[in-house]
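In: Next input, structure requested:
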Amino acid sequence: MTDTPRIVVGAFAGAFGVKGEVRLKSFCADPAAIADYTPLTTKDGRSFPTIVITGQASNALTARVDGIVTKEDADALKGAELFAERSRLPSLPDDEFYHSDLIGLEVVDTGGKALGKVKAVLNHGASDLLEVAQSGASKTILLPFTNAVVPTVDLTAGRIVADPPEGLD
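Out: The predicted model follows:
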């Protein structure tokens, strides 16, 4: 296992056919770009040096992946997340962020009051939501990740300034 920062860029979604092709869910803005970030690794350190996109299936790409030669190989990896080294990914514009950069950041309101830490970044269609775990409480709050509600993300300082709607906190 390496100490190099890694980001989840996709996941195996099972076999496609019987000759070792896989269904691959890509979390990249351009789904096919996942093949550009090789080698990809799983959480347990298995490495896949080459991925060749062969087509599309329902909600997934189809691909040939080094080391996967049978349907059983592909099915055994179903659900395994694929990680790319952070250094292989493109730089983002100032107003875009990798989800992994947001997780763990402290969230404060515009008055400086601590709201908690980002536990997860969720997306259910329309836009991203920040799930914020409140300090000393088991409940979380969901903040729309929009410029109006989250005007400042300061990765260097490790914090987010939010202006939550009334009644949210």
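In: Tell me the helices and strands packed up against the longest helix anywhere in the chain.
Out: Secondary structure of the chain per DSSP state H: the longest helix is helix 71-76. For helix 71-76, the elements it packs on are strand 6-15, judged by 3 or more C-beta pairs under 8 Å, 6 or more residues apart in numbering; DSSP states H and E. In this view, the C-beta of every residue, glycine as well, is placed from N, C-alpha and C.
In: For the longest helix of the chain, buried residues please.
Out: Buried positions in helix 71-76, judged by neighbour count with 16 or more other C-beta atoms under 10 Å: K71, A74.
In: next one: that helix to chain centre, how far?
Out: Relative to its parent chain, helix 71-76 has a centroid offset of 24 Å by C-alpha atoms, centre = their mean, to the nearest Å.
In: What mean pLDDT does that helix get?
Out: Regarding helix 71-76, the rounded mean pLDDT is 93.
In: That helix: what's the following helix or strand?
Out: Toward the C-terminal end, the helix or strand that comes next after helix 71-76 (DSSP states H and E) is strand 81-85.
In: Which SSE is immediately downstream of that following strand?
Out: Downstream of strand 81-85, the next assigned helix or strand under DSSP H and E is helix 99-102.
In: Any regions of the chain where pLDDT drops low?
Out: Counting by pLDDT under 70, the ranges of the chain that qualify are 1-3, 125, 167-169.
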